[in-house]
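1. what follows is a protein structure lacking sequence information:
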């Protein structure tokens, strides 16, 4: 009984058990079992770095063709998948523990959640472990299926609409991916195993650039929809908003990273290194981070704001990936490896701090029942732990030293800014967007926790099963910020397993990239702490007086509503928003055109004789082709 | 030896920054045909403030409100550990130009969060204006930093201080000087503390020692910006460098305060528009750097 | 034309400058509307307790007919029981505040008034107590009453910002409530009269005729001379007193000196509010020369104390004239230099152009006066339309701009300043010899008089009723800011909140115009005591408050 089997059984058990009842106790049980299983995933991830666990199952004997390809299911923990397994494990543990109390918010039958949630986690794990492209697609679709149910969980009209949009877009994307996979399998003469493909495909594709781009584009579209890159991101804000908060945590923390894992596998292992591919991916990443974050600046709903930021931050990960590919194919091994390492580092950082932030948004919604930032305020007095962890999360995503966001962003700048290429411009945009992120999270944090609310709100702190996961994630944020050696060690092993040689970066006590840049987060942390506590001790204050409001005692709503924040800035950068609107209009006009064509066809399709004639002609053409007659 | 030198730098910064502010007040006064206060006036003001009690507003979030000024000053002084001031010693491997930018951002964020936690409507307006201005300024600063990084082929401070003699590096440094003016919250860019409009913005509820620390953080921030700019050019033996450094600080102060005395204040949208247009220059400078000039 | 509109009413007085007509309540709205359409704007309104005379209360509505160069006063009366009158506010927007004031201070109820709320008295003044009635002694003490609270539902996307009473942008206490959406002001409410000092009551109760000019001078720190001149002119009009020519010229010179001083002060404040402190410092330096001129002539830098009923107190001898002209030249040169460079600064112009717009029609309906009116294209100036003092003999232009924004108000004041320099020089050159004061007069009993001057801020109107025996029965000074303030909420809408200070300042507000004195325990919000200024000062000194 390998640990892997145990975990699988636990998840299936949870799902089956959850099928029986939709009551609160059952939901808690489901969540607890999932939490336990998540700990198992963490363990699996940790040991996966040292000895590769693998389980090989032969399902169908012999057989050729599709059945042969599907016949053997190998589940293997490579260092790269171990890295992502760690992300999955930590986050699903936090979300499951959180869900024990959080799901009390939903009064209705939670059977849908009970079944879908463990299965969702199970299939995410299996997607990471599988070593067969066809099984990958199967698990991928199953994962999407169960996540859809979770998005539609509230069964309100908006939730169902969001889930439907999510379904349509990811299905379309997955179809692109399926085409690319089929092409790959054909070209490798029949293997779907990763190891087989990586041996044969790169050397073949070097001489066939057209097919390289075809596969690449298919995979990018398919994975990109899931990872929500611009312009394929429009499902994300609605879906994340409607899902329960612990599910949003998993969606944004883990499910958005699985496409990144696959991209690493495809672009570093299956396809040869290509400059233009790398550049294209970097461009996509920059567009994503720019538009995602600029739109996030306007939001006044807490979860929608976080959702748009998920789009933006994935942009950083994709930009680093593209930069790494571009630099490696150009021969710069050092900076290329740094960029790829930065990509993985930002992936795990984003999972931690975004997960944390979704949990805090959920905590606030749990206690106050509201996500409207115009209405909330002053909660730090009543929910100090949530406020403190939210502050850590907000500072991390803003990239403030000495937290983890700073280190991964620094590595991205170090690998892009000093290069005399267009990557430097992308790095500059990333630097600007970092400031927009800071601004947006100042807004998020202060509208929820510090500035006075519209009308007085009095609540209590959330129960421990909800704030413990937040504290865990906050602790991880801090640790990864001041001790980057820990995650970088894991990342180096992960990268080596896909064939990227990681140069010996000096990683302790600081990170030094020879002749490019250096940073010592621990020292900065110590000095900041020293100065900070010294000055804090100097400024004790005992006098308390009411706020000065220029001499009037009228009870006015003297608080800045969230929609007013940065209004002048948004006005001046109107061009960005109108570009987005224009793109939306263009797409909807294309859609209307397509719909008109479809309606035209549908009208005609009711005419039986026209259809008969058309099918006869189509049949004739197919027979001729198959019969080998060339037209 | 190096650590001791850094500590000397920090002490120098703390002592000299208010004196520099006193010089600026004197210059402005003379341009307005006034006598003006003595050079040590700013220090006298800070000492007076530190003798007064600090008042906490009853509607504020106590711990955040208290954290604002200490973190603001702490982050600026941390930056002085790796940006050499009067002595060329610095813990260069503790940070580079990116760390410098982020520590300055941390200072702004600390003041802003403190302002938002005070519960005062004017502090909220002032703080959000400050963040808007900060975003607009980073738009230009990002291009300038990219230009300097490409020009010097790195952003380690040992490669940036001093800059190589290239056209793009020099233009980049000049653009940085303009952004240092904006970042120091000088008229016309002091929108977040516009006294007749929003009564000092985020500073409004702070008093006593907290206000003294906050003002000191503003003065040391200006000194830090001057220091980075001067470091782009200073070279030579430590004694020569120190003399040129002090002369450079005085000259920059006089120029900046003269410009301040002859300008009116921007509204937020005017300031954002100006910075948006200014970023075009930054982008052009980057283009020059990439082309190798 | 005015005579035709008023046929059918009892004409109480009709001479070349003033017409007083008693109107019946049913016809007052119609007549008021016809007067407005004929081009007379509403100047002010005075409520009077005439019970000791004829057991009635009266309301006098004053219209300024520039076309015919006369003032038309409509008098309405109502018996003491059944104290109501029809309100003319529905047809004349400018009458809003005057009627509210009469409601507040005298208890007259105006039927059909759209906003019958407190104007002058504070929220915790007890109901049913009317200070300006003749049976309310000026030094009576009252316990504070409970203010009635208001219930409002705040909107989620709007921030309500209080501006005042103590705010660095305001030089006197007043209260604006500004509703901000994003960075734009969507609405504004004004509540003023924090500096109400009860001067009207003081003047009626315990001051003599020639003490009041000195009280009037202290209505406002910057336009004091105008007020004392307007008061003296009102008495001179009621009692038909002839003022000697030399006195008229001296009054004119001091009035113009005051105008230059006021405008230079305003330019300095405007620069300071726009963030340009250097301009502020230099302009106030130029203003020092003007104050030296005033000190040379009157002995005081600001509160000149030069007017008495019938003439002036001091002369301008020949040897002073030369020094005065020198100082004027210096002041003119310096201020022109600074103002020209301020007007060229692009960032200051941008902050004044198209900011705080007051459309011409709206302005006329509200009844704005002075530079605010002239900047919205309304061509009105008391000096030219109803010449007083020596203005009939002087040669000057009235600047009118059509821009309707803060920049236009700036330009109007700029032109006026340099016109004033010329006017002073003309007056000094052509000053005739003669007496300084005419003390040979008798004060008739219960006669209505009106004195109108053009203060730096606009038209000042003093309406009074004499009493014989060296007193006044009723004195109503109406400063120009009273008519300009209702325009501020209109000007503030749709502007950036950063523009609020300069917009409020652009009407050159002089709030110390009608106020009272209270000692308030701000900690607990209780009014401890209320009364006259002198009593209040004494109490504070005794430590009783």
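-> Done, it's in. Please read all numbers here as calculations on a predicted model, not as lab measurements. Numbering: from 1, shown residues only, chains lettered A, B, ... in the order given.
2. going by C-alpha atoms from here, please, whenever you check contacts or count neighbours.
-> Will do.
3. and the contacts of stretch A:249-259?
-> Applying C-alpha atoms under 8 Å, 6 or more residues apart in numbering or on different chains, the contact partners of stretch A:249-259 are A:84, A:87-88, A:91-92, A:95, A:124, A:127-128, A:147, A:223-224, A:226-228, A:240, A:307, A:310, A:314, A:347, A:350-352, A:354-356, A:358-359.
4. can you give me the end-to-end span of it?
-> Chord length of stretch A:249-259, first to last residue, is 16 Å (C-alpha to C-alpha, to the nearest Å).
5. now do the strands in the chain.
-> As the question left the chain open, I've gone with chain A. Remark: strands assigned in chain A by DSSP state E are A:54-58, A:72-76, A:511-513, A:517-519, A:543-545.
6. I was after chain B.
-> Going by DSSP E, chain B shows strands at B:55-57.
7. by mean pLDDT, point me to the weakest helix or strand of it.
-> Among the helices and strands of chain B, helix B:195-198 carries the lowest confidence by mean pLDDT, DSSP states H and E, at a mean of 62.
8. how much space between residue A:9 and chain C?
-> According to C-alpha to the nearest C-alpha, to the nearest Å, residue A:9 and chain C sit 50 Å apart.
9. which residue does chain B bring closest to chain C?
-> residue B:264 (4.1 Å; C-alpha to the nearest C-alpha).
10. next one, pLDDT for the nearest residue to that residue once chain neighbours are set aside please.
-> Using C-alpha to C-alpha, 6 or more residues apart in numbering or on different chains and skipping residues adjacent in sequence, the residue nearest residue B:264 is residue C:276, 4.1 Å away. As predicted, residue C:276 sits at a pLDDT of 88.
11. same thing with the one 4 residues further on?
-> Model confidence at residue C:280, expressed as pLDDT, equals 91.
12. for chain B, which spans come out with low pLDDT?
-> B:1, B:193-199 (pLDDT under 70).
13. can you give me the distance of the residue lying closest to residue B:256 once chain neighbours are set aside to residue C:377?
-> Excluding the flanking residues, the one nearest residue B:256 by C-alpha to C-alpha, 6+ apart is residue B:181, at 7.2 Å. In this view, residue B:181 and residue C:377 are 42 Å apart by C-alpha to C-alpha.
14. residues of the stretch 401-545 of chain C that sit close to chain B?
-> Neighbours of chain B within the stretch 401-545 of chain C, by C-alpha under 8 Å from any C-alpha of the partner chain: C:497-498, C:500-501.
15. what's the most distant pair in those?
-> C:497 and C:501 (8.3 Å; C-alpha to C-alpha).
16. quick revisit: turn the residues of the stretch 401-545 of chain C next to chain B into TSV, columns for neighbour count, pLDDT and secondary structure.
-> Converted to TSV, these look like this (neighbours: other C-alpha atoms under 10 Å in any protein chain shown; pLDDT from 0 to 100; DSSP: H, G, I helix; E, B strand; the rest coil):
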residue	neighbour count	pLDDT	secondary structure
C:497	24	80	helix
C:498	22	81	helix
C:500	25	83	helix
C:501	20	83	helix
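17. okay if I get those as TSV plus distance to residue A:26?
-> Listed next are those as TSV, based on distance: C-alpha to C-alpha, whole Å:
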residue	distance to residue A:26
C:497	55
C:498	57
C:500	60
C:501	62
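18. neighbours of residue B:35, how many?
-> 12 (other C-alpha atoms under 10 Å in any protein chain shown).
19. the longest helix along chain B vs chain A: in contact?
-> Ordering each helix of chain B by length in residues (DSSP state H) puts helix B:121-152 first. Yes: with C-alpha under 8 Å from any C-alpha as the criterion, chain A is reached by helix B:121-152 at B:121, B:124-125, B:128-129, B:131-136, B:138-139, B:142-143, B:145-146, B:149-152.
20. give me the below-cutoff pLDDT ranges for the stretch 101-250 of chain A.
-> For the stretch 101-250 of chain A, the ranges with pLDDT under 70 are A:189.
21. find the closest residue to chain B in it.
-> Counting by C-alpha to the nearest C-alpha, the stretch 101-250 of chain A gets nearest chain B through residue A:230, at 20.9 Å.
22. quick check, that residue in contact with residue A:293.
-> No: using C-alpha atoms under 8 Å as the test, residue A:230 is too far from residue A:293 to be in contact (11.0 Å).
23. looking at the two, which one has more neighbours?
-> Set side by side, residue A:230 and residue A:293 show more neighbours around residue A:293, with 26 against 22, by other C-alpha under 10 Å.
24. the residue most distant from the middle of chain C, which is it?
-> Centroid-distance maximum for chain C: residue C:156 at 38.7 Å, with C-alpha atoms, centre = their mean.
25. residues contacting the nearest residue to residue A:158 once chain neighbours are set aside?
-> Nearest in space to residue A:158, with sequence neighbours left out and distances taken as C-alpha to C-alpha, 6+ apart, is residue A:242 at 7.4 Å. Residues in contact with residue A:242 (C-alpha under 8 Å, 6+ apart) are A:151-152, A:154, A:158-159, A:162.
26. and if we set it to 10 Å?
-> The contact partners of residue A:242, taken as C-alpha atoms under 10 Å, 6 or more residues apart in numbering or on different chains, are A:150-156, A:158-163, A:236, A:248, A:303-304.
27. before we move on, what about residue C:180?
-> So residue C:180 contacts A:560-561, A:564, C:157-161, C:186-188, C:493-497 (C-alpha under 10 Å, 6+ apart).
28. who wins on neighbours among those residues?
-> residue A:560 (31 neighbours).
29. wait, it sits on residue B:129?
-> No: between residue A:560 and residue B:129 there is no contact under C-alpha atoms under 10 Å: 11.5 Å.
30. overlap in contacts, these two.
-> With C-alpha under 10 Å, 6+ apart, residue A:560 and residue B:129 have common neighbours residue B:123.
31. quick check: longest helix in chain C by residues?
-> Max-length helix for chain C by DSSP H is helix C:245-273.
32. for the helix or strand that comes right after it, packing partners?
-> Tracing the chain past helix C:245-273, the next element assigned as helix or strand by DSSP states H and E is helix C:277-298. Here helix C:277-298 touches helix B:2-31, helix B:238-261, helix C:245-273, helix C:318-344, going by 3 or more C-alpha pairs under 10 Å, 6 or more residues apart in numbering or on different chains; DSSP states H and E.
33. next, the angle helix B:2-31 makes with helix C:277-298.
-> 40 degrees (axes from the mean of the first three to the mean of the last three C-alpha atoms, to 10 degrees).
34. tell me the mean pLDDT over the helix or strand just after helix C:277-298?
-> Per DSSP H and E, the first helix or strand lying C-terminal to helix C:277-298 is strand C:307-308. Mean pLDDT, strand C:307-308: 92.
35. packing partners of strand C:307-308?
-> helix C:212-217, helix C:224-239, helix C:245-273.
36. figure out which of those helices is closest to residue A:519.
-> When these are compared (using C-alpha to C-alpha), the closest one is helix C:245-273, at 44.8 Å.
37. buried residues in stretch A:117-129, which are they?
-> Using 16 or more other C-alpha atoms under 10 Å in any protein chain shown as the test for burial, stretch A:117-129 gives A:117-129.
38. so what are the domain limits for chain C?
-> For chain C, the structural domains run C:2-111, C:199-482, going by automatic domain parsing.
39. which parts of chain B sit against chain C?
-> Listed as neighbours of chain C in chain B under the rule C-alpha under 10 Å from any C-alpha of the partner chain: B:28-29, B:31-34, B:121-122, B:125, B:129, B:187-188, B:190-191, B:194-200, B:260-270.
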